[in-house]
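Q: Provided below are the primary sequence and the corresponding predicted coordinates.
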Amino acid sequence: MLHRGQESTDGTGGGELTVPMAWLYAEYIADELLRTGDLMPPTSFEFRAGRDALALTIFLSDTSGELSGIRVITQLEKWLSLTAYDQPWQDWVRERISRLAADALESGAPAPDLDLAAAAWRWLEETELLAPDLDAVPGGGPVLGEDDGPKVWTPAWRLGLPLGHLAIHLF
């Protein structure tokens, strides 16, 4: 979904402004799903990880190139299946971004939506968050509260993906 700027007033056609509406819309949907689920404070890094993972899922699963507000509800099952625990989500993201980047390069058209999606993916891959160790062996000792359990540094997408998945369920 591209938004084109108007021609300059001198009639020379000036440059075009391309607004990344598809990415912004995907990010808005992800934000609303997470806020509705009330899983994390919106100012936390965990919330950002969930929003970015969910926005990537929404944006990259839109094969028609245009997100429609009417279709959001019909896409929830698809997003659930893409974000499920047993799915190779990160491989799917890498493949889709690579394919879209190749298409953009071939067409020569600006791809601000893809640029923002790629930046979100870089942040999710390169940023590590301290999170509860979900793979810890149960019974390793008494754990009084959730903050007292073992913690590990994990890529942000590994924390954000289950948050996004849960937010879809709660919607």
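A: Done, it's in. Because the structure is a prediction, the values reported are computed rather than measured. Numbers count the residues shown, from 1 in each chain.
Q: mind telling me what element residue 26 is part of?
A: Element membership for residue 26 (DSSP states H and E) is helix 21-37.
Q: any idea of the mean pLDDT for that helix?
A: For helix 21-37, mean pLDDT rounds to 91.
Q: what comes up buried for it?
A: Residues of helix 21-37 classed as buried by neighbour count (16 or more other Cβ atoms under 10 Å): 22-27, 29-31, 33-34, 37. C-beta: built from backbone N, CA, C; applies to glycine.
Q: what does stretch 88-107 give?
A: 89-90, 93, 96-97, 100.
Q: do the same with stretch 118-135
A: Buried residues in stretch 118-135, defined by neighbour count with 16+ other Cβ under 10 Å: 118, 120-121, 123-124, 127, 129, 131-132.
Q: can you pull out the strands in this protein?
A: Counting by DSSP state E, the chain has strands at residues 2-3, 19-20, 128-132, 151-155.
Q: can you redo those as JSON lines with distance to residue 53?
A: Converted to JSON lines, the strands of the chain look like this (distance: least, Cβ to Cβ, whole Å):
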{"stretch": "strand 2-3", "distance to residue 53": "25"}
{"stretch": "strand 19-20", "distance to residue 53": "18"}
{"stretch": "strand 128-132", "distance to residue 53": "12"}
{"stretch": "strand 151-155", "distance to residue 53": "10"}
